[in-house]
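*Asks:* need a 3D model of the sequence below.
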Amino acid sequence: MASRFAVEGNRLTIDQTRRGARIILTIAVLGLILGAVPLLVPHAPKPIHTTCSHATGACTIDYGHHDHAVPLASISGADLRAGQLVLVHGPSVVYHVCRAPVGAPMLPRLAAFFADDHAAAVAFDCDSLATGVPPAGIVAGLLGSLLLIGMIGIFVVESHVVIDRDAGTIAMRGSRWPFWRWSLERPLSEIRGVMMRRIYSGRGQSLRPVYIVFSDDSVRFAWSPAAYMLVAHLDRVAQLRAFLGLPPHADT
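*Replies:* Just a heads-up that it's a prediction; the model follows:
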C-alpha cells in the first residue's frame, strides 16, 4: 500500500494505491481456483478389505489408513441397499461398507457366515463409498474462500484526487474491487464539505475513509488509509479542509 498527500502551490494531489493488497487478493483468487479443482474432480474409489471372524467377534473394515470394527453381536446380516453393501444392525440401523455391484457377490458368503456360529472367517475386498468431497463440504469451502477474498477486497481501493485552485476544479477518479470505477471533474464552488467516517474493522481497530460532499448532496470517496496514525490522518483532513477554504471542524 502507498499513499501520497502533496501540496504544490495552488494544487493538492492525493494518490492512494494498494499494490500489496492487490497482490494478496490475486494470490487468494488463484488459491481458490487451484484449490477448487481437486474438490470438483471425482476421486477414484479406494479398495478396502473386510474380515468377519467369530474368533474376534467382529467384522473389521480396513480402509488402509485406519480400520473400524463392528461387533458381530450387533449384526443381524448383510444386504444391498441403494447400490451399497451394508451390515444390518437392526430394522432401521445399517453400517455402510462398500459400493455394489463389487460387494454383491459376497452376499451369499456373508449370509452363510452370519447363519453359522461355527463358520470360518470370511474376508473380501471391495471399493470404498467415498469418491470425493461431499457437496456440502465443497459449498462450505467455497463460501469460506469467497468470504476471505471479500474481506481482502475491502482494502483494494485506489484513488487519485487533484484539487486545482487556479483552474477552480476538483478531479477524482478511482476503483474499488471488484467492479466499481469512478471518474469526475467538478467546480470547486460545488464542494460543500469534507466528511470522515469511522468503520469498525475488528479488535478495536477502525477504518477512517474521507469523502468530499458536494452541494447536490452527492458524496465521493477521496482516500482511506489502511494503516495510519490518527493524529497524522486528522492533520491531513484538516489540511484538505483548509486548502478548500472550509471550516476546520467536521462539516457533516
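
*Asks:* rest of the way, CA atoms for contacts and neighbours
*Replies:* Will do.

*Asks:* what residue ranges in the stretch 51-200 of the chain score low on pLDDT?
*Replies:* By pLDDT under 70, the low-scoring segments of the stretch 51-200 of the chain are 91, 100-104, 129-138, 150-155.

*Asks:* any chance you could map the strands in it?
*Replies:* Assigned by DSSP state E, counting those that start in this stretch, the stretch 51-200 of the chain shows strands spanning 58-62, 67-71, 77-81, 84-88, 94-99, 122-127, 157-164, 169-176, 180-187, 191-196, 199-202.

*Asks:* strand partners (parallel or antiparallel) of the third one?
*Replies:* Strand partners for strand 77-81, identified by DSSP bridges, are recorded as strand 84-88 (antiparallel).

*Asks:* can you give me the end-to-end span of stretch 181-196?
*Replies:* 21 Å (Cα to Cα, to the nearest Å).

*Asks:* contacting residues for the closest residue to Ser189 other than its chain neighbours?
*Replies:* Nearest non-adjacent residue to Ser189, counting by Cα to Cα, 6 or more residues apart in numbering: Gly168, 7.6 Å away. Listed by Cα atoms under 8 Å, 6 or more residues apart in numbering, the contact set of Gly168 reads Pro187, Leu188, Ser189.

*Asks:* wait, isn't the second one in contact with Thr169?
*Replies:* Just to be clear, that refers to Leu188. Yes. With contact defined as Cα atoms under 8 Å, Leu188 counts as touching Thr169 (5.0 Å).

*Asks:* tell me, what residue is most central in this protein?
*Replies:* Ser145 (1.7 Å; Cα atoms, centre = their mean).

*Asks:* rewinding a little: format the strands of the stretch 51-200 of the chain as CSV; extra columns: mean neighbour count.
*Replies:* Below are the strands of the stretch 51-200 of the chain laid out as CSV (neighbours: other Cα atoms under 10 Å):
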stretch, mean neighbour count
strand 58-62, 19
strand 67-71, 14
strand 77-81, 18
strand 84-88, 21
strand 94-99, 19
strand 122-127, 18
strand 157-164, 22
strand 169-176, 18
strand 180-187, 12
strand 191-196, 21
strand 199-202, 10
